[in-house]
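please work out how this folds:
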Amino acid sequence: MKKLLAIVLFAIPGFAFASGASVHLDSAPVNLSDKSSLQRGAQIFVNHCLNCHSAQYMRYGRLTDLGLTDAQIKDNLILTGDKVGDPMTTTLAPKDGKEWFGVNPPDLSLVARSRGSDWLYTYMRGFYKDPAAKSGWNNTVFPNVGMPHILWEYQGDQSYKADEHGGGKLVLDRPGKMSPAEYDRYVGDLVNFLTYLGEPARTKRVQIGIVVMFFLAAFFVLTLLLKKEYWKDVR
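Residues are numbered from 1 along each chain as shown. So this is what the prediction gives:
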């Protein structure tokens, strides 16, 4: 018991330090009312993410909420033999995923709800070259990540420059096909879609909530008027 107590006492400061350590997260430009951004994000998702990751809790047909028709979904977003009513799954075999990346790439249906939109936005912009990593890439918010930088052609090559205070910053060594501002918008559209993916009914739920609040406010005013009318002759 004494040994166990000593282990626990020594471990507590370590846990406290780990929980207190944090990485600065940039604010993601999430706007679920911007259907043009969501459509671009869906296109980015199927072109780059769906090769390895799946979104099995989302069906292609649900993308009609973004203003797309079944024909547009089939012609522009379904790159396999899937049908519009099928879930968004990857063709990557779990065995191959584990062999290539060390772990099978996770399903992204709820990644924005579990990680947060700001985390995803910072993560997709936080890759840098690391010769010691198996994939050749590392990440500021996910150290030793197994995923390579799939958008490196667009962003370019970054390196991490540590400073004397224990911090550091990312430096763009080789520009990509996009300027930093263009790449930020590109990633912003992707994160916007991933946020929608985690809760497709969110916008409609908020709209219903606003209508309900107006109804309750009107009903409250009516109740007050009825109360005053009912008790006006009571002394």
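
please parse the chain into its domains.
Here the domain assignment for the chain is 23-199, 201-235, based on automatic domain parsing.

looking at those domains, which one is packed in the most?
With neighbours defined as mean count of other CB atoms under 10 Å, those peak in mean count at domain 23-199, which reaches a mean of 17. Yep, even glycine has a C-beta here, placed from its N, CA and C like the rest.

that one: end-to-end distance?
26 Å (CA to CA, to the nearest Å).

for stretch 150-161, same thing?
By CA to CA, the extent of stretch 150-161 from end to end equals 22 Å.

roughly how far apart are N138 and T64?
Computed as CB to CB, to the nearest Å, the N138 to T64 distance reads 39 Å.

quick one on the thing from earlier: worst average pLDDT in the domains of the chain?
In terms of mean pLDDT, the lowest-scoring of the domains of the chain is domain 201-235 (a mean of 79).

which residue comes closest to A55 once chain neighbours are left out?
Spatial nearest neighbour of A55, excluding adjacent residues (CB to CB, 6 or more residues apart in numbering): M88 at 4.1 Å.

the chain: helices as residue ranges?
Under the criterion DSSP state H, the chain contains helices at 2-20, 35-44, 70-76, 94-101, 111-115, 117-124, 152-155, 180-198, 202-231.

can those helices go into JSON lines with extra columns for distance to G167?
Converted to JSON lines, these look like this (distance: least, CB to CB, whole Å):
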{"stretch": "helix 2-20", "distance to G167": "15"}
{"stretch": "helix 35-44", "distance to G167": "31"}
{"stretch": "helix 70-76", "distance to G167": "43"}
{"stretch": "helix 94-101", "distance to G167": "29"}
{"stretch": "helix 111-115", "distance to G167": "22"}
{"stretch": "helix 117-124", "distance to G167": "15"}
{"stretch": "helix 152-155", "distance to G167": "21"}
{"stretch": "helix 180-198", "distance to G167": "20"}
{"stretch": "helix 202-231", "distance to G167": "35"}
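
between those helices, which one is closest to K134.
Nearest to K134, of all the helices of the chain, is helix 94-101, at 8.6 Å by CB to CB.
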